[in-house]
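Student: below are the sequence and a predicted model for it; my questions follow.
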Amino acid sequence: MGDVILTMKGIDKSFPGVHALDHVNLEVRKGEVHALMGENGAGKSTLMKVLTGIYTKDSGTITYEGKEIEFHNTREAQDAGIVIVHQELNMLNHLTVAQNIFIGREFKKGIRIDDKRMNEEARKLFNKLNIDIDPTAMMGDLTVGKQQMCEIAKAISHEAKVIIFDEPSAALTESEIEELFKIIRDLREQNLGIVYISHRMDEIKVITDRVTVMRDGTYVGTLITKDCTKNDIINMMVGRVIYEDPKTHSMVPDDAPVILKVENLNAGKMVQNVSFELRKGEILGFSGLMGAGRTETARAIFGADPKESGDIYINGEKVTINNPQDAVKLGIGYLSEDRKRYGVAVQKTVAENTTLATLDEFVNGILIDKKKETEIAQKFVDSLATKTPSVDQLVVNLSGGNQQKVVIAKWLTRNSDILIFDEPTRGIDVGAKSEIYKLMNKLAEEGKSIIMISSEMTEILRMSDRIVIMCEGKITGTIDISEATQENIMNLATREIG
Amino acid sequence: MEKFKNSPIVKKIGLNRILLVGVLIVMYIIFAIISPTFLSYSRILSALNYVYFLGFLSLGVTFVIATGGIDFSIGPVMFCCALVAGYSLTSYGVPMPAAMVISILVGACFGIFNGYLVAYCSIPPFIVSMASMNIAKGLASVFTKTQSVSWPQSSAEGGWYRNLVKMGNIPVGLFIFLAVAVVCAIILNKSKIGRYILCLGSNKEAVRLSGVNVKKWEMTAYIICGTLAGISAIFFVSAYTTVQPGYGDTYNNEAIAGCVMGGTSMAGGLASISGTVIGVFIIALLQEGIMALGLNKNFQLIITGIIVIAAVYFDVMGRRRKN
Amino acid sequence: MTNQNTASAAKGKSSLNKLGGQKFIVILVIIGLFLLFSVMSPNFRKYTTLVSMLDYSYYIILMAIGVTFPLITGGVDLSIGTGLICYSLVGGYLISFHDFPVIAGILVTVLFGVVIGTINGTLVALMDIPPFLVTLCTCMITRGLGSIIVGGFGITWPNAIAPGGWFRKIFKLTIPTDGKPRLLPIGIIWVVLLVLVMSFVLNHTRIGRYTISIGSNKEAARLSGVNVKAYHVLAYTISGLFAGLAAVAYSAVFSTVQPGSGAGFELEAIGGAIIGGVSASGGVGSVTGSMLGVFVICLLKTGLPFIGLQANWQQIITGLVLIGAVLVDILKKKRG
């Protein structure tokens, strides 16, 4: 490890209603791989966005190569030598690899773009990195892993001194990760400072020198990787105080029948051999880190995405679900994590959204019975305590929590027995959160069965009767609430050190 | 002004529509000052002739735009309907009521064709429109052997159909048009069809995840549009009797203009039948006014084009500001 | 290691081959159609038929070259057909009624195209209005404008033997022989030359590179520091420029230009481009492919009457072929 190249000190950043970063520190040295860890929403990405000029900080200092700096956009950061390799790749699939690397700064020979020289330069870059990619290959034809390598090569070609990897391994295969690590080690040899954001404990142990842990927008501490154990890191990540009482035991009676049974469900890389049971009146928590395949599992069960194989039983009967229409008919309701995209039609009213899944019940001959619709919508506005001036209000004007209630009302109108809540409280403020929780408990008491996907540990521990934990597309364990702790959940959610 | 904007009546009717009616009235007054013949009843009747057929086209395309799509094949499709039905009438001796049914059926078939390709084959609506516009023109020419077709005059046998537009001095067409507009408004705002069309125009994926067969309803919008083009054809010939193959595409723009001016958003999900009706009146009055000024149809083309671009630009800006 | 290298190289080629493969199929279709018509009709085999087919193809190919650029950005230009007539009318009008020298008339014609194209581009790229809507409107506007400027009458550009008729010889040379004078369709040389030039522009200059980038991933291009808006406008300007050049070709080949015509030309050009491998969703396309696609359409247009189908069938068939081509494109993407 060499000299300090980058120091972020006391970084503070607030968004309306959220204190995203609360005096966070980070120090990166030359020739170091520095892990940045934390649960989903701990503030890692926000910190990196502040660094690369996407967000402006409220207070704190950034010192880079001995000078205090502040970037106003990624371009400035890039020119100074700080580049970020995004998790979501920003590639031009219709151009070749070399053309992608040099986009916006092509070599020219007269008016002609010198593709030959660009290919040569790209080849040199790849040689330097020991990567085997043909610069003339079409970007769209490469695997995600290779595309990632290209992104790295592009970063290096900017003469980067600090490279940030934002969950680079999320979409990579085993052997691609090996290759990635080789490159990262090479870069370390060349005295670059590397920030490595990841959830995967095993990778952290293998590749990084130091670990900085964040929690809820605060700085927890920095450890030297080889001196600490996986448990040390997990304890720092989850050491959050849980204000609300976690559930201590399952509320589901022992003789509650199985409502939904999923067997060996497969759908792409993110859903592999998933099997579980859901009982009547149960809240089944799905825990795991980002990209564990929980949403994909839910969407496959609901028929929103195609599945490859697997059986689904409802009340003991085998059912076929090819599209959402089938699922809805069978009494499944899905509440998406991304309400604006998948949940509500925002330009339509509360009443119109409430009856979207059950319109047939409100049709009198050919006309919609507006009176009945209004009544039902009003009934749910009252019973769910949705804050809206009237049921004729456009959904776009409601807050996140109240939009969520409208979606819940949609499925309650349908009288769905199985409800899949995907991140039910994401983007919802604290007060509304506890209302949603109360509501879910009430629904479970009334005999509805709930699958709750959540990335928030407190939410999982507070709400679930049983917890299914997923990691990288597979179910790694099921824990009864009476035995669940933050530590054993996190242990199952992260890959073992191999 | 703020007070006016917030008064309950204005809110109920919509500021946009009040402004549109204002524009309509001001335009009429200006034209009447320039050319006093505008005050004559016969002039008004002739302006109304334009309202009917254009109105049906515009009502139809309102449904398609509500889904977030577009159909600019309607003009030539309308001509194709009039030509095929008219040719059947004059050359194959099909009775008048049957000819009308043929016209509507041809329109509906184009609607099914367009709707299927857009909803089930995911072909971009503008490509489908472009293709079916030319198919309609070609089909009409092939069917009529490139001859223009004249529907019967009022006095001839089967000429009763012209009463659909005007019986003596009574503008029957206006009543029919308004009645159809009311039906369309009911379908769009009060029926299941309209609800699904508007919701899928607003957020197709959310509607799909609510267990709705979105493809079916998207296609329905195109079928409604095609059927109304078939009806439009009947009113076109009732007013003008003669149709020539190879034309009709100028009406696409005018129909779309009436629609977007009336407050229907190109992005889908937001549509107003009453707005479309007022928009159509403005376009028809414009056409009549331009003729009164001694200018030809070409000015109408230019002005309509500018109106559409301006209306859509304001819509885009409005949405951008909201976000 | 080397194995992998060749594997990835082969993969890169495969995507190039996709486009090349389509071109190959299109060439086969052209040959097939040509043979079919030749076998079925002796009249089709005549030299004059070939010449008249080429005459028809020039302006469509020129339009197709231009419209390939907006199509690759993921947009479309529907104004090229009526635009062509409008530019030609204005140029011819200035020559016939205002004593403009022919060369000046040609310049005005082309410039007019550039102006309308730039207006289209500005409305699309800077004001965010959907391309089909913008160009549908300018399609109508140019149609009206052309008629108004010339007063609603057909315009005749100077004929071949008149003074100033030299420009017709650019496209067709008459060689006096002992018997009948022989017509030499040299226009094809210029058209192919332009195809090569624009092929170069598309594949080897920034203009083309960024045009493809806009269609592939506009946001990624913008984040890479490309002035996306300027190049987006430019794509439409190119389309307008070539509509202007097409107007010159049209005026040179046909005796009179009628106001109000031109609707439907754009379908032939856009249809040709899509048959030639331009993707309706942008990012993919080649200028030579567009030219070959237009040949398919021109063959149908010229050949169908020879086998007893009225010219109007061609409109229907072009429409269906366009939908077929887009469907194939969509299915390919679904599978790949």
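Tutor: Done, it's in. Numbers count the residues shown, from 1 in each chain, chains lettered A, B, ... in the order given.
Student: contact partners for residue C:276?
Tutor: C:22-23, C:26, C:64, C:285-286, C:288-294 (C-beta atoms under 8 Å, 6 or more residues apart in numbering or on different chains). Glycine gets a C-beta too; all of them are placed from N, C-alpha and C.
Student: if we ignore the residues flanking it in sequence, what's nearest the closest residue to chain A within chain B?
Tutor: Here chain B gets closest to chain A at one residue, residue B:211, 2.7 Å apart by C-beta to the nearest C-beta. Among residues not flanking residue B:211 along the chain, residue A:328 sits closest, at 2.7 Å (C-beta to C-beta, 6 or more residues apart in numbering or on different chains).
Student: please, which helix or strand holds the one you found?
Tutor: Using DSSP states H and E, residue A:328 falls within helix A:324-329.
Student: list the buried residues of that helix.
Tutor: Buried residues in helix A:324-329, defined by neighbour count with 16 or more other C-beta atoms under 10 Å in any protein chain shown: A:324, A:325, A:327, A:328.
Student: wait, which of those residues is closest to chain C?
Tutor: With C-beta to the nearest C-beta as the yardstick, the closest approach to chain C among the buried residues of helix A:324-329 comes from residue A:324, at 19.7 Å.
Student: distance of the closest one from residue A:334?
Tutor: Separation of residue A:324 from residue A:334 (C-beta to C-beta, to the nearest Å): 8 Å.
Student: any common contacting residues for these two?
Tutor: Joint contacts of residue A:324 and residue A:334 (C-beta under 8 Å, 6+ apart) are A:302, A:304, B:209.
Student: out of the buried residues of helix A:324-329, the closest to residue B:71 would be?
Tutor: residue A:325 (26.4 Å; C-beta to C-beta).
Student: I'd say that closest one and residue B:212 touch.
Tutor: Yes. Between residue A:325 and residue B:212 a contact is recorded at 7.2 Å, counting by C-beta atoms under 8 Å.
Student: quick one: contacts for residue A:339?
Tutor: Neighbours of residue A:339 in contact, by C-beta under 8 Å, 6+ apart: A:400, A:403, A:404, A:407, A:427.
Student: for the shared contacts of residue A:324 and residue A:334, which entry has the maximal number of neighbours?
Tutor: Counting neighbours by other C-beta atoms under 10 Å in any protein chain shown, residue B:209 comes out on top of those with 28 neighbours.
Student: pretty sure that one contacts residue A:323?
Tutor: No. The pair formed by residue B:209 and residue A:323 falls short of the contact definition of C-beta under 8 Å, at 9.9 Å.
Student: which residues are in contact with both of those two?
Tutor: The contact lists of residue B:209 and residue A:323 share residue A:304, where a contact means C-beta under 8 Å, 6+ apart.
Student: show me what contacts the nearest residue to residue A:45 once chain neighbours are set aside?
Tutor: Residue nearest to residue A:45 in three dimensions, not counting chain neighbours: residue A:166, with 6.9 Å by C-beta to C-beta, 6+ apart. For residue A:166, the contacting residues are A:45, A:48, A:84, A:85, A:86, A:87, A:197, taking C-beta under 8 Å, 6+ apart as the criterion.
Student: tell me which parts of the stretch 101-250 of chain B are close to chain A?
Tutor: B:186, B:190-192, B:195-196, B:198-199, B:202-203, B:205-213 (C-beta under 8 Å from any C-beta of the partner chain).
Student: related to what we said a few turns ago, host element of the residue of chain B closest to chain A?
Tutor: Judged by DSSP H and E, residue B:211 forms part of no helix or strand.
Student: distance of it relative to chain C?
Tutor: 24 Å (C-beta to the nearest C-beta, to the nearest Å).
Student: likewise residue A:436?
Tutor: 34 Å.
Student: for the helix or strand encompassing that residue, packing partners?
Tutor: Using DSSP H and E, residue A:436 sits in helix A:430-445. Counting contacts by 3 or more C-beta pairs under 8 Å, 6 or more residues apart in numbering or on different chains; DSSP states H and E, helix A:430-445 is packed against strand A:283-287, helix A:400-413, strand A:449-453, helix A:457-463.
Student: got the phi and psi for the nearest residue to residue A:423 once chain neighbours are set aside?
Tutor: Closest residue to residue A:423 apart from its sequence neighbours, by C-beta to C-beta, 6+ apart: residue A:337 at 3.9 Å. Per-residue torsions, residue A:337: phi -70, psi -30 (degrees, to the nearest 10).
Student: report the contact partners of residue A:337.
Tutor: Contacts of residue A:337 (C-beta under 8 Å, 6+ apart): A:295, A:422, A:423, A:426, A:453.
Student: and chain C, is stretch A:147-165 touching that?
Tutor: No. Stretch A:147-165 stays clear of chain C (C-beta under 8 Å from any C-beta), getting no nearer than 8.9 Å.
Student: what mean pLDDT does that stretch have?
Tutor: If you average the pLDDT over stretch A:147-165, you get 87.
Student: which positions in it come out as buried?
Tutor: Quick answer for stretch A:147-165 (16+ other C-beta under 10 Å): A:147-158, A:160-165.
Student: count of residues packed around the nearest residue to residue C:306 once chain neighbours are set aside?
Tutor: Sequence neighbours aside, residue C:41 is the residue nearest to residue C:306 in space, at 3.9 Å (criterion: C-beta to C-beta, 6+ apart). Residues lying near residue C:41 (other C-beta under 10 Å) number 16.
Student: cool, and residue A:414?
Tutor: Neighbour count for residue A:414, taken as other C-beta under 10 Å: 22.
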